[in-house]
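Asks: The sequence and its predicted three-dimensional model are supplied below.
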Amino acid sequence: MVSDKDEIVLLYVLFPNLKEATQVSKALLKDKLIICSNITPGVLSIYEEDGIEKEKPEAKVMLKAFKSKVDLLKKTIDDTHSYKYPIVLEIDIASINEKMRENLNN
């Protein structure tokens, strides 16, 4: 089984466009910082800035990674992301299906 040290986590990150989301995801995969990246283009973000409601399209990325790599992964995203203050939300996984767990052990 995957050890506690190697628990799987999800990281939720928004990028300004599909191109940047894809480039960063491919670099993270190449550097073996993630297991997988799921990219959803065309997300509409609605937020308030300086008292003004704004909307902008973004690409949502869900990264699957080992918990042991999260600190380096967050630092890498901070260093490569075009946003001055990118948000990286870490989501702990309560469980994972056995077939996937077996695959991670191979």
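Replies: Sure, I can see it. If you're wondering where the values come from, they're calculated on a predicted model, not measured in any experiment.
Asks: Which residues does the host helix or strand of Leu72 contact?
Replies: Assigning secondary structure by DSSP states H and E places Leu72 in helix 70-80. With contacts defined as CB atoms under 8 Å, 6 or more residues apart in numbering, helix 70-80 is touched by 9, 11, 13, 24, 27-28, 31, 33-34, 63, 65, 86, 88, 90. Every residue, glycine included, has its C-beta placed from N, CA and C.
Asks: Then stretch 38-51?
Replies: Stretch 38-51 has contacts (CB under 8 Å, 6+ apart) with 14, 17-18, 21-22, 25, 53-64.
Asks: switch to 10 Å and redo it
Replies: For stretch 38-51, contacts defined as CB atoms under 10 Å, 6 or more residues apart in numbering pick out 10, 13-19, 21-22, 24-25, 53-64.
Asks: Can you tell me which of those are buried?
Replies: Neighbour counting with 16 or more other CB atoms under 10 Å marks 13-16, 18, 21-22, 24-25, 58-61, 63-64 as buried within these.
Asks: Need the CA coordinates for the host helix or strand of Ala21. CSV is fine.
Replies: Element membership of Ala21 [criterion: DSSP H and E] is helix 18-30. The C-alpha atoms that make up helix 18-30 are tabulated as CSV, following Å, rounded to 0.1, in the frame of the first residue of the first chain:
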residue,chain,number,x,y,z
LEU,A,18,-5.5,26.9,-21.4
LYS,A,19,-2.0,27.5,-22.9
GLU,A,20,-0.4,28.3,-19.6
ALA,A,21,-2.3,25.6,-17.7
THR,A,22,-1.1,23.0,-20.2
GLN,A,23,2.5,24.3,-20.2
VAL,A,24,2.8,24.3,-16.4
SER,A,25,1.1,20.9,-16.1
LYS,A,26,3.4,19.3,-18.7
ALA,A,27,6.5,20.7,-16.9
LEU,A,28,5.2,19.5,-13.5
LEU,A,29,4.6,16.0,-15.0
LYS,A,30,8.1,16.0,-16.6
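Asks: what angle sits between whichever helix or strand comes after it and helix 18-30?
Replies: Scanning forward in sequence from helix 18-30 by DSSP H and E, the next helix or strand is strand 36-49. For strand 36-49 against helix 18-30, the angle by axes from the mean of the first three to the mean of the last three CA atoms, to 10 degrees is 140 degrees.
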